[in-house]
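# sequence unknown, structure follows:
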């Protein structure tokens, strides 16, 4: 069964609409983790700050990922602002990531899918590939994107550079910690955001891996409902558990490969 046949069988369009509460959650989900992590780092409790920094990176990724697909429930400017501010906090041009992610959906695991290159690697190769992955995300945007994407990427890179210069010039130790952890997160993206959800799916790239089990999805903030996301990218992350239920009820014969 191809992805188009799957889409016809599952009711999903009502899931695109967010309530005011859901919109508030999706647009602010990363903030508590950020403030707790930098507060602990300010008092030099770096080991205690580390898990909160990790959850900030994960929830910020969820936030911008929804922004890529216009699924934050906000207008064009607020979505742009979310991507811009998270670029500074996550230490990468999120518009460059967006450009490659949209291409990933269009050319999934093909030669033109630069985001998905690590999917065909061994797990340790995907980890080692991480720094090159982040360089290519920006380079491909520079080479192939339209003027608007390039302008947004340039604005974000200049802002990141200004932020980094200020932090290091004034030796703001808790923000130096934050920046280093964010760079580490970016270098692991090829493994966590690509390899884990796409390895060994080349025979049917449209059916990515997914995750079942409530505690696992709570721990990962529903970010591993990846098959569901690829089939219905317009559905916000907060609605993916409900979408997964609908898929499971309607498509009992569908073979779902687990993420972990």
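Looks like it came in fine. For clarity, every value in this text was computed on a predicted model and none was experimentally measured.

# give the burial count for residue 41, as a bare number.
22 (other C-beta atoms under 10 Å). In this view, the C-beta of every residue, glycine as well, is placed from N, C-alpha and C.

# ignore what I typed, I meant residue 185.
Residue 185: 22 surrounding residues under other C-beta under 10 Å.

# next, find the distance separating the residue nearest to it when sequence neighbours are not counted from residue 89.
Excluding its sequence neighbours, the residue lying closest to residue 185 (C-beta to C-beta, 6 or more residues apart in numbering) is residue 57, at 4.2 Å. Between residue 57 and residue 89 the distance is 9 Å, computed by C-beta to C-beta, to the nearest Å.

# more neighbours: which of those two?
Counted by other C-beta under 10 Å, residue 57 and residue 89 do not tie: residue 57 has more neighbours, with 25 against 19.

# need the contact list for that one.
90, 181-182, 185 (C-beta atoms under 8 Å, 6 or more residues apart in numbering).

# so which of those residues is the closest to residue 235?
residue 90 (23.1 Å; C-beta to C-beta).

# surely that closest one touches residue 186?
Yes: using C-beta atoms under 8 Å, residue 90 is in contact with residue 186, at 7.0 Å.

# can you tell me the centre-most residue of the protein?
residue 61 (3.8 Å; C-alpha atoms, centre = their mean).

# list the contacts of it.
The neighbours of residue 61, taking C-beta under 8 Å, 6+ apart as the test, are 90, 193, 223.

# quick check: phi and psi on the last one?
Dihedral pair for residue 223: phi -80, psi -10, per degrees, to the nearest 10.

# out of everything not next to it in sequence, what's closest to it?
Per C-beta to C-beta, 6+ apart, closest to residue 223 is residue 62, 5.6 Å.

# and that neighbour, how many neighbours does it have?
Residue 62: 20 neighbours (other C-beta under 10 Å).

# also residue 257?
That count, for residue 257 with other C-beta under 10 Å as the rule, works out to 16.

# for this structure, what spans make up the helices?
All helices of the chain, identified by DSSP state H, fall at 3-9, 20-28, 31-42, 46-68, 76-90, 94-106, 123-144, 147-169, 173-187, 189, 196-198, 214-219, 226-231, 240-250.

# hmm, who's touching stretch 109-120?
For stretch 109-120, with C-beta under 8 Å, 6+ apart as the criterion, the contacting residues are 100-101, 103-104, 106-108, 125-126, 129, 133, 136-137, 140, 190-191, 194-195, 198-199, 201-202, 205.

# what about residue 90 and residue 186, which has more around it?
Neighbour comparison, residue 90 and residue 186: the larger count goes to residue 90, with 25 against 20 (by other C-beta under 10 Å).

# what residue of the protein is the furthest out?
Outermost residue of the chain (C-alpha atoms, centre = their mean): residue 170, 30.9 Å.

# so for that one, what's the pLDDT?
Looking at residue 170, its pLDDT reads 98.

# same check, this time on the one 5 residues further on
You'll see residue 175 listed with a pLDDT of 98.

# what number of residues are in the vicinity of it?
Neighbour tally, residue 175, other C-beta under 10 Å: 18.

# pretty sure it sits against residue 169.
No: contact status for residue 175 versus residue 169: not in contact, 11.3 Å apart, counting by C-beta under 8 Å.

# residues in contact with the spatially closest residue to residue 82 that is not a sequence neighbour?
Spatial nearest neighbour of residue 82, chain neighbours left out: residue 67 (5.2 Å); criterion: C-beta to C-beta, 6+ apart. When contacts are counted by C-beta under 8 Å, 6+ apart, residue 67 touches 79, 82-83, 94, 98.
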